[in-house]
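> Dropping the sequence and predicted coords here.
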Amino acid sequence: MPFATKFPVAKFPVQSVRATYPALDDGHAYLDGAAGTQVPQSVIDAIVSAYRTGIGNAGGAFEASHRADEIVAACRAAVADLVGGLPDGVILGPNMTTLTYRLAGALALGWGPGDEVVVSRLDHDANVRPWIQLATRAGATIRWAEVDPATGELPVEQYTNLIGERTKLVAVTAASNVLGTRPDVAAITTLAHAAGALTYVDGVHATAHGPVDIAELGADFYATSAYKWSGPHIGAVIADPALLETIRPDKLASSPDTVPDRFEWGTSPFADLAGVTAAVNHLATMVPGTGTRRERLLTSLSAAEVYEQELFAVLIAGLEAMPHVTLYGKPARRTSTAYFTVAGRTPREVAEALAARRVNVWNGHNYAWELTGALGIRDSGSAVRVGLVHYNDHSDVDRLLKAVTRLEE
């Protein structure tokens, strides 16, 4: 059941939402949202305004510096509202991969031989490789949660045997970036916490597709990237500030030692952070709503999730009806993301044929390195990925289905 069904759902006004995205006027069907979304005019304006008004580095005595401080504070508050966290627990950085390596390096300082870290084959490699590499250096053991290749599910039952008294951390995705699978994260994190382990949840793909509540997920750390939900290329990891106080990352002696600043290396891209705030505000206002920004986000993203799932049902039904198409994964709960191959053509050839018809899709492993290996398709080019987001409409799906139908000819 979608998280969105817990909230009143308004009809999603897709055409008025599409009108806020200038890039969509170029005549292409942007079905590559799982790799990064386009941005609305309000985000462009926020970034331009930050530069036009004038900003200095943070922490200074003058007005332009104060504006930088205000931009950072506003960005933390916006990201916290988006996922249900606290502003002082929002770590900002260039992307999720960089931040995950940073957190892994700090956490692994407390690991040693006999300790264990649990990762899954469903995850994007950014929530796998950092943990493997840092755990290996610490002498800790890696334990794997396996995917059911027929369904694309990540069975919860296996975690009972994977998690034990020496488990230090469990890393799991909130949604697969290629199959769309939404595993039962709350059940997995409950098992982890019962054993005294921390949980690191990759929400990069999931955040774009509906409301997020990190407390309900049981995420000690929740990672997300703004460029997947209509913002600029900025990453964030959200955690309880009290937990962050217990972690001592490597840092410059001269840089702040406060939380979350101690986790942020170097000067921030302040104008882009203004764009992140604008993106959250955009998500909160896609449908009419009242209340706090957090409440408006829940209303707006609930409507978007229901709309996406209705559109995705049309997409999946169309692909399933084509005898020359093989779909991967049939999870019970999933985002609006499809992964498929076409008989007689490599995934790259399919992507190129669709691109010639101005339909944008991705091909390849999309950094789902372990998953595409488990599916047995990584060495043959993996598959084609179509990712719907809230600004896609029926015309996009129709164009895709017609283009894929022609590939049988």
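Looks like it came in fine.
> Would you mind giving the domain segments of the protein?
Here the domain parsing of the chain from automatic domain parsing is 3-42+299-406, 86-267.
> can you redo those domains as TSV with distance to Ser49?
All C-beta spots, glycine's among them, are computed from the backbone N, C-alpha and C. Formatted as TSV, these follow (distance: least, C-beta to C-beta, whole Å):
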stretch	distance to Ser49
domain 3-42+299-406	10
domain 86-267	14
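> need those domains in CSV with mean neighbour count, distance to Cys75 and mean pLDDT, can you?
Below are the domains of the chain laid out as CSV (neighbours: other C-beta atoms under 10 Å; distance: least, C-beta to C-beta, whole Å; pLDDT from 0 to 100):
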stretch, mean neighbour count, distance to Cys75, mean pLDDT
domain 3-42+299-406, 19, 15, 95
domain 86-267, 20, 7, 98
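> wait, which of these is closest to Tyr51?
Judged by C-beta to C-beta, the one of the domains of the chain that comes nearest to Tyr51 is domain 86-267, at 12.6 Å.
> Out of the domains of the chain, which is closest to Ala61?
Of all the domains of the chain, domain 86-267 comes closest under C-beta to C-beta, at 16.6 Å.
> Span of that closest one from start to end?
For domain 86-267, the separation between the terminal residues is 22 Å (C-alpha to C-alpha, to the nearest Å).
> I'd like the numbering to begin with 328 instead of 1 from here.
Fine by me, first position is 328 from now on; the one you just mentioned is domain 413-594.
> Next, the closest residue to Gln365 other than its chain neighbours: secondary structure please.
Sequence neighbours aside, Ala350 is the residue nearest to Gln365 in space, at 4.2 Å (criterion: C-beta to C-beta, 6 or more residues apart in numbering). Secondary structure state of Ala350, per DSSP: H, G, I helix; E, B strand; the rest coil, is helix.
> pretty sure Ala350 is touching Thr364, no?
No. In this structure Ala350 lies outside contact range of Thr364 using C-beta atoms under 8 Å: 9.5 Å.
> check contacts around His717.
Phe339, Val341, Val344, Ala535, Met613, Ala631, Tyr634, Glu635 (C-beta atoms under 8 Å, 6 or more residues apart in numbering).
> Count the neighbours of Pro596 for me.
Neighbourhood size, Pro596 [other C-beta atoms under 10 Å]: 19.
> contacting residues around the nearest residue to it once chain neighbours are set aside?
The shortest distance from Pro596 to any non-neighbouring residue, by C-beta to C-beta, 6+ apart, is to Ile561 (7.2 Å). By C-beta under 8 Å, 6+ apart, the contact list for Ile561 reads 402, 419-422, 552-554, 596, 599-600, 602-603.
> In JSON lines, list those along with secondary structure and distance to Ala477.
What follows is the contacts of Ile561, written out as JSON lines (DSSP: H, G, I helix; E, B strand; the rest coil; distance: C-beta to C-beta, whole Å):
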{"residue": "Cys402", "secondary structure": "helix", "distance to Ala477": "42"}
{"residue": "Leu419", "secondary structure": "strand", "distance to Ala477": "40"}
{"residue": "Gly420", "secondary structure": "strand", "distance to Ala477": "37"}
{"residue": "Pro421", "secondary structure": "coil", "distance to Ala477": "37"}
{"residue": "Asn422", "secondary structure": "coil", "distance to Ala477": "33"}
{"residue": "Ser552", "secondary structure": "strand", "distance to Ala477": "30"}
{"residue": "Ala553", "secondary structure": "helix", "distance to Ala477": "35"}
{"residue": "Tyr554", "secondary structure": "helix", "distance to Ala477": "32"}
{"residue": "Pro596", "secondary structure": "coil", "distance to Ala477": "43"}
{"residue": "Asp599", "secondary structure": "helix", "distance to Ala477": "42"}
{"residue": "Leu600", "secondary structure": "helix", "distance to Ala477": "43"}
{"residue": "Gly602", "secondary structure": "helix", "distance to Ala477": "41"}
{"residue": "Val603", "secondary structure": "helix", "distance to Ala477": "39"}
